[in-house]
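Undergrad: I need the structure of the sequence given here:
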Amino acid sequence: TAPALWTGAVVGAASAVLLVLVAVRWSPLMSLDRSVADTLHRHAVADPGLVHVNRVLTDWVWDPWTMRALIAVAVIALWWRGARLLALWTAATSLLATLLQQGLKAAVG
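TA: All right, here's what the predicted structure looks like:
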């Protein structure tokens, strides 16, 4: 639909602008990043329990490999249930997302 395409275009453009600003290390953005990192570090030093919870969340729950494993299970389940086109679509889009993620990481550094 038109609103969804418009929203996608706006979000895509904003993401591209942000990516360029990161790649060129735009000073105001880097200053904001440093400020947020310093504030979070102060909170982390003050609360080791919070650090432990965040480590579990980032290392296990939100890890890209956890999501890829869940997607693999979903693809197998879809294939087994006979939804082969949906299984292939899910696998292909997940592979494309992984390649895009790694490519952007390599481009930005």
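Undergrad: so how far is His52 from Ser94?
TA: 30 Å (CB to CB, to the nearest Å). Using the backbone N, CA and C atoms, a C-beta is placed for each residue, glycine as well.
Undergrad: Between those two, point out the one with more neighbours.
TA: Ser94 (17 against 10; other CB atoms under 10 Å).
Undergrad: quick one: that one from Leu78, how far?
TA: 12 Å.
Undergrad: What strand or helix carries the closest residue to Leu78 other than its chain neighbours?
TA: Nearest non-adjacent residue to Leu78, counting by CB to CB, 6 or more residues apart in numbering: Ala87, 3.8 Å away. Applying DSSP states H and E as the criterion places Ala87 in helix 84-108.
Undergrad: what about that helix, average pLDDT?
TA: Averaged over helix 84-108, pLDDT sits at 93.
Undergrad: Does that helix pack against any helices or strands, and if so which?
TA: Contacts defined by 3 or more CB pairs under 8 Å, 6 or more residues apart in numbering; DSSP states H and E place helix 84-108 against helix 2-23, helix 64-80.
Undergrad: want to throw these into CSV with distance to Lys105, mean pLDDT and mean neighbour count?
TA: Below are the helices and strands packed on helix 84-108 laid out as CSV (distance: least, CB to CB, whole Å; pLDDT from 0 to 100; neighbours: other CB atoms under 10 Å):
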stretch, distance to Lys105, mean pLDDT, mean neighbour count
helix 2-23, 11, 93, 10
helix 64-80, 11, 95, 13
